[in-house]
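Chemist: whatever this is, show me its structure:
(chains A and B)
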Amino acid sequence: MTTETLIWLIPLPPILAFFLIVLFTNKNKAFSHTVAIGAALLSFLGSMYLFFWRILPAPELGKEPFASAINWIPTGDTWLKIGVLVDPLSAVVLFFVAITVLMIFIYSVGYHNYGQPAGDHDHAGLPPHGATVEENGHKHVVLSIEPMYSRFFAFISLFAFGMLTLVLSDNLLTLFVGWEIMGLCSYLLIGFWYAKPSARDAAVKAFMTTRIGDVFMLLGIAFLYSATGTLSYREIFTANTLHVLATVPTPVFGLSAAGLIGLLLFIGTVGKSAQWPLHVWLPDAMEGPTPVSAMIHAATMVSAGVYMVIRIFPLLSLDPHTMVVVAFIGSFTALFAATIAVAQNDIKRVLAYSTISQLGFMIAALGTGAYVAAVFHLVTHAFFKALLFLGSGSVIHGMEQGVLHTGNHEVDAQDMFNMGGLSKKMPITFWTFLIGGFALSGFPVLTAGFWSKDEIFAEAFGTGHLAVFITLAFAAFLTAFYTMRQITLTFLGEPRTKEAEHAQETPWTMTLPLVVLAIFAVGYGWVGIPEHFPGLGGLIPNWFHEFVGSTLAVMPEAVPFSFVPLATSLFVALGGLFFGWLAYRNVQNTAQDKLQIPVLKNKWYFDELYEVVFIKPAIWFSEVFVSLWMDKGAIDGFLHLFGKVAISTGSAIRNYFDVPVINQFFGDGSAHVTQWVAKSLRPIQSGRIQQYMLVSLVVILALAGLLFYLLRLA
Amino acid sequence: MIPLSWYLILSAALFSVGLFGVLARKNAIAILLGVELMLNAVNINLVAFWRYGDVSLMAGQVFAIIVFAVAAAEVAVGLALVISVYRRRNTVIADEIDLLKW
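Modeler: Numbers count the residues shown, from 1 in each chain, chains lettered A, B, ... in the order given. This next block holds a predicted model:
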């Protein structure tokens, strides 16, 4: 099998699994998850084989990537092509996507309580409530299996297909197809428990918000196509095409075509990767099941936005104005989301804001031109954020067991203030969560997050983007702070509720993925240690930089080493962790939390702001303007006017023409005439035969006289 | 030889007598008699025109015979009707038999 054929085949198993589950196996839960995990495993094995046996031995992958394309849609005299491309960038993204997807699939089996009895009162569209079992004569409540188990695996399989398509695509059109498939799956999965109003609202919110970005992105794609006549990366990112794009002016803000296209596509990323100002959907998306949060909102879908913007980096970097916008949005989001995360109490919401913040880091890195650093952080973040989300799911799962044990359903299993001391109850979850949290904070040397974040700092400092550097440093400090706050509140100290006392470790299907991801959260950083790093630099060659950097036409220069970013990085990580522990080690309830500031707690009131600025006017526009004024007033008014004109014309014709002329004059008139004639002629028919004969005689005589007269004339 | 016009005058006189009888007499049988007279007036005409025309063509005589036959049948039917009317209504006066009116 050629490498290209293998690449074509990699995305296919999950979509097959989707159709298999939907069409055939959805009644059987065991079959369904076997099919889904089998498909994910096939894709995983294919990807790993591709990565280790085909990609790594390839000598000049950056210059000669694996690519193949076929004609897809005819457009007059050219074709829109569908194709696959594996260059170093898609190779590293494919690597982490394949692993995290498989881990999340396995995790879902445990998370949805496979092997547990069906619930007492569970029904589709609601999370399982637990089942009563009798054991040794006494009853107790255990977790119950998710009612829509198979449906979940069908959706995540479709999702995996979308992500693999997006990563392996060689053009923006198929990338957009994968992008939209994931958008749909995101909607379906956030609203997975559709009987919960909050889940429904969150699903709609996510869909609508990302749609805003998608529309602009589609505009960008259309503009790009009209400007260059192609959407294939390899054809666009040639020196000639880029030069043309950079010099063609557009009427918008005096940007070049490259700048405008870059901005439009970047707005797509802002929506998909939940950057300010379109960040509002992601925290609400935590209504979905936790594997979904991990998959969609940490490892894959939000990464897709960053992946796309990294993809178009050669285009984006042509216009300095666009780069400033990108850097600003990224760094602002990083800091902004981090401040919110500090005051959240829901374990998953903290991670959601953390994700927004970390994606901001990547975007900011890209805005400063740090291509490799952005990719590196994208990959390491995918590993440790998936780990953290799955870990939080494991914590929630353990807490739910505690809730079932005590039977007090008032206790929110996701509120960190209800936890505490879980490190003893759930050791595997604790240690893996700790690793993930430290990676997120950038704990020095050991964790992957340190190396990728350090590289972003070094690049920002080295290229002279001091404002970005300082903003990100603050954000990183807050990151370490809220991470330690989360770990302290969740795992350390003593249990604050009875539920936390009775929390239990989760089954192996959930802890195994945690362990695997934890290995990557630590180990993946070692492939990208800068060569000039004191002590460690050069021990392991900086493979990542060489490899990913070769994607670009000109290999990016590694920035010279400086102690300022390193010291900053060390200080913010360790300082944040330390202060986080210090501030929260004795906190017992929300009243003692100094950072429950309303403005942070309420996410800077962005939801409320959007409510007033966009949603209320939109509702007013639809209900009052469109419905009441336009529809019922203008359009219905017109229709009613037409109706009235027709009716009055009709009745006028009826009253002034039909009734008097047709009916009375012609109809009744002719009848009257006939009647009168008949009445007048009636006496002739007397019944007397001799009278008839007399009349006949007279008539004959008259006719004869007439005939005689006429013949005489002739 | 007597000229044709004499026959025609006789025939017309006879037809007029018959016609007068039909129109003026009250008795239905008398009306039938009038009809007979009119038919015979026609017969005289037919035979006279035959004799004074081409004698080899028999149509005039044949028509006269057909008229006899028809007249005989007509009288038979007519008298039967009169008798039937008389049995039902006890009259043979034509003016009183006026059921067929508006």
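
Chemist: where does chain B dip in pLDDT?
Modeler: Applying pLDDT under 70 to chain B picks out residues B:102.

Chemist: can you pull out the helices in it?
Modeler: Listed in chain order, the helices of chain B (DSSP state H) span B:4-24, B:28-52, B:59-89.

Chemist: the inter-axis angle of the shortest one versus helix B:28-52?
Modeler: Helix B:4-24 and helix B:28-52 are oriented at 170 degrees to each other (axes from the mean of the first three to the mean of the last three C-alpha atoms, to 10 degrees).

Chemist: buried sites along helix B:4-24?
Modeler: For helix B:4-24, burial by neighbour count (16 or more other C-beta atoms under 10 Å in any protein chain shown) applies to B:7-8, B:11, B:14-15, B:18-19, B:21-22. Using the backbone N, CA and C atoms, a C-beta is placed for each residue, glycine as well.

Chemist: which helices and strands sit right next to that helix?
Modeler: Packing partners of helix B:4-24 (3 or more C-beta pairs under 8 Å, 6 or more residues apart in numbering or on different chains; DSSP states H and E): helix A:689-713, helix B:28-52.

Chemist: any idea of the angle that helix forms with helix A:689-713?
Modeler: 140 degrees.

Chemist: check the last one too.
Modeler: Per the same axes, to 10 degrees, the angle that helix B:59-89 makes with helix A:689-713 is 150 degrees.

Chemist: am I right that residue A:74 sits in a helix?
Modeler: No. Judged by DSSP: H, G, I helix; E, B strand; the rest coil, residue A:74 forms no part of a helix; its state is strand.

Chemist: hmm, back to that, columns distance to residue A:328 on top of the buried residues of helix B:4-24, output as a markdown table?
Modeler: Listed next are the buried residues of helix B:4-24 as a markdown table, based on distance: C-beta to C-beta, whole Å:
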| residue | distance to residue A:328 |
| --- | --- |
| B:7 | 139 |
| B:8 | 135 |
| B:11 | 135 |
| B:14 | 136 |
| B:15 | 131 |
| B:18 | 132 |
| B:19 | 129 |
| B:21 | 133 |
| B:22 | 128 |
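
Chemist: tell me the one of these nearest chain A?
Modeler: Within the buried residues of helix B:4-24, proximity to chain A (C-beta to the nearest C-beta) peaks at residue B:22, which comes in at 6.2 Å.

Chemist: for chain B, give me its nearest residue in chain A.
Modeler: residue A:687 (2.9 Å).

Chemist: deepest of the helices of chain B, which one?
Modeler: Mean neighbour count (mean count of other C-beta atoms under 10 Å in any protein chain shown) peaks for helix B:28-52 among the helices of chain B, with a mean of 18.

Chemist: distance between the helix or strand hosting residue A:489 and the chain's centre?
Modeler: Using DSSP states H and E, residue A:489 sits within helix A:466-491. Chain-centre distance of helix A:466-491: 26 Å, with C-alpha atoms, centre = their mean, to the nearest Å.

Chemist: elements contacting the following helix or strand past it?
Modeler: Proceeding N to C from helix A:466-491, the next assigned helix or strand is helix A:498-501, under DSSP H and E. Packing partners of helix A:498-501 (3+ C-beta pairs under 8 Å, 6+ apart): helix A:371-406, helix A:422-425.

Chemist: Provide the contact partners of helix A:498-501 at residue level.
Modeler: A:399, A:402-403, A:405-406, A:408, A:411, A:413, A:418-422, A:425, A:495 (C-beta atoms under 8 Å, 6 or more residues apart in numbering or on different chains).

Chemist: buried among those residues? Need that as a selection in ChimeraX.
Modeler: Buried residues among those (16+ other C-beta under 10 Å), as a ChimeraX selection:
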select /A:399,402,403,405,411,413,418,419,420,421,422,425,495
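
Chemist: what mean pLDDT does stretch A:263-276 get?
Modeler: Averaged across stretch A:263-276, the pLDDT comes to 88.

Chemist: tell me which residues in it are buried?
Modeler: Applying 16+ other C-beta under 10 Å to stretch A:263-276 flags A:263-276 as buried.

Chemist: ok, the residue of chain A closest to chain B - how many residues close by?
Modeler: Per other C-beta atoms under 10 Å in any protein chain shown, the neighbour tally for residue A:687 reads 14.

Chemist: can you check the one 5 residues further on too?
Modeler: Other residues within reach of residue A:692, judged by other C-beta under 10 Å, total 14.

Chemist: do the one 10 residues further on as well
Modeler: When neighbours are defined as other C-beta under 10 Å, residue A:702 has 10 of them.

Chemist: now do it against residue A:40, distance only.
Modeler: 114 Å (C-beta to C-beta, to the nearest Å).

Chemist: rewinding a little: before we move on, what SS does the residue of chain A closest to chain B have?
Modeler: Here residue A:687 is recorded as coil under three-state DSSP.

Chemist: spell out which residues of chain A are next to chain B.
Modeler: Within chain A, the positions near chain B by C-beta under 8 Å from any C-beta of the partner chain are A:682, A:685-690, A:693-694, A:697.
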